[in-house]
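Enquirer: no sequence for this one, just the structure:
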């Protein structure tokens, strides 16, 4: 590795902007409109292209593709973007595409995410903070993933679907409807299997809050109420259980229906 952190075989465009302490591995390519924040390490044989902005202290492993053109036939070469926050880990062969003008024009990955090998984030996906995507999790275009969500290995998410904060999916789940916050979903197509109680305990939710969310889950899934009726019933419980606000806000923007 050269003293400046850029391997002699790496190709870095003079217009690229690299922060202090950035390292670029062997045979990697960094194109003109790429910005890499301080302390970020890029592995070998990576390609960073498009209008891609990467924050501080990320670890990008080998053979990763960041900011390549979206896999969308409507894409006409517009200068859309990929934005990656701070302290993310992106493992080997992951692919994160930039956005399209048909949506926000930008694909976003927040902070402190753990993206394992062969994961794909398609155009216009919006991923929050502190998520975990296990190997081969695949997001189609326009997918939204909330904070602390966990996608099991080989999970596939249909375009325009949402996965709420603190939700978790099982191995090889096929998500064709929205997964509300706190919910465990698994299967093909995925169905709801209770709340992610273990994950909530690990994140410091109180026993009382978890019990309250279990009761709310029964209201939503086991009471025989319609979705609108369940939403009204849950709205009456928010004062006693503020964690339900996240659930109600999610249901208010859900367009594909929720996993059942």
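Expert: Noted; the coordinates are in hand. The structure displayed is predicted, hence computed values, not measured ones. Numbers count the residues shown, from 1 in each chain.
Enquirer: buried stuff in stretch 240-248?
Expert: Residues 241, 243-244, 246-248 are the ones in stretch 240-248 that count as buried (16 or more other Cβ atoms under 10 Å). Using the backbone N, CA and C atoms, a C-beta is placed for each residue, glycine as well.
Enquirer: mind putting these into TSV with pLDDT and secondary structure?
Expert: Below are the buried residues of stretch 240-248 laid out as TSV (pLDDT from 0 to 100; DSSP: H, G, I helix; E, B strand; the rest coil):
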residue	pLDDT	secondary structure
241	96	coil
243	96	coil
244	96	helix
246	96	helix
247	95	helix
248	96	helix
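Enquirer: mind putting those in TSV, distance to residue 181 included?
Expert: Listed next are those as TSV, based on distance: Cβ to Cβ, whole Å:
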residue	distance to residue 181
241	13
243	9
244	9
246	5
247	5
248	10
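Enquirer: tell me the one of those residues nearest residue 35?
Expert: residue 246 (32.3 Å; Cβ to Cβ).
Enquirer: okay but that closest one is in contact with residue 148, surely?
Expert: No. Using Cβ atoms under 8 Å, residue 246 is not in contact with residue 148, being 10.8 Å away.
Enquirer: any residues in contact with both of those two?
Expert: Residues touching both residue 246 and residue 148 (Cβ atoms under 8 Å, 6 or more residues apart in numbering) are residue 165.
Enquirer: please report the distance of residue 155 from residue 38.
Expert: Separation of residue 155 from residue 38 (Cβ to Cβ, to the nearest Å) stands at 33 Å.
Enquirer: of these two, who's got more company?
Expert: When residue 155 and residue 38 are compared for neighbours, residue 155 comes out ahead with 26 against 13, by other Cβ atoms under 10 Å.
Enquirer: name the residues of stretch 46-61 that are buried.
Expert: Neighbour-count burial for stretch 46-61, with 16+ other Cβ under 10 Å as criterion, is recorded at 46-58, 60-61.
Enquirer: tell me where the model's unsure across the protein.
Expert: Regions of the chain meeting the criterion pLDDT under 70 cover residues 1-3.
Enquirer: give me the domain ranges for it.
Expert: With domains defined by automatic domain parsing, the chain comprises 11-142, 201-253.
Enquirer: thinking again about what came up before, determine which two of the buried residues of stretch 46-61 are furthest apart.
Expert: Most distant of the buried residues of stretch 46-61, by Cβ to Cβ, are 51 and 61, 22.5 Å apart.
Enquirer: what helix or strand is residue 100 on?
Expert: For residue 100, there is no host helix or strand (DSSP states H and E).
Enquirer: wait, what's in contact with it?
Expert: 70, 72, 74-75, 78, 80, 123-124, 141.
Enquirer: one more: residue 221?
Expert: By Cβ under 8 Å, 6+ apart, the residues touching residue 221 are 192, 260.
Enquirer: ok so, going back, dump the contacts of residue 100 to TSV, plus secondary structure and distance to residue 11.
Expert: Shown next, in TSV, are the contacts of residue 100 (DSSP: H, G, I helix; E, B strand; the rest coil; distance: Cβ to Cβ, whole Å):
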residue	secondary structure	distance to residue 11
70	coil	23
72	coil	27
74	coil	30
75	coil	24
78	coil	24
80	coil	23
123	coil	25
124	coil	28
141	coil	29
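Enquirer: so who does the residue most central in space within the chain touch?
Expert: Centroid-nearest residue in the chain, with Cα atoms, centre = their mean: residue 127, separated by 3.2 Å. Counting by Cβ under 8 Å, 6+ apart, residue 127 touches 108-110, 113, 121, 139, 144-145.
Enquirer: how many other residues sit next to residue 85?
Expert: As a burial measure, residue 85 scores 21 neighbours (other Cβ under 10 Å).
Enquirer: what sits closest to it if chain neighbours are left out?
Expert: Distance criterion Cβ to Cβ, 6 or more residues apart in numbering; nearest residue to residue 85, sequence neighbours excluded, is residue 111 at 3.9 Å.
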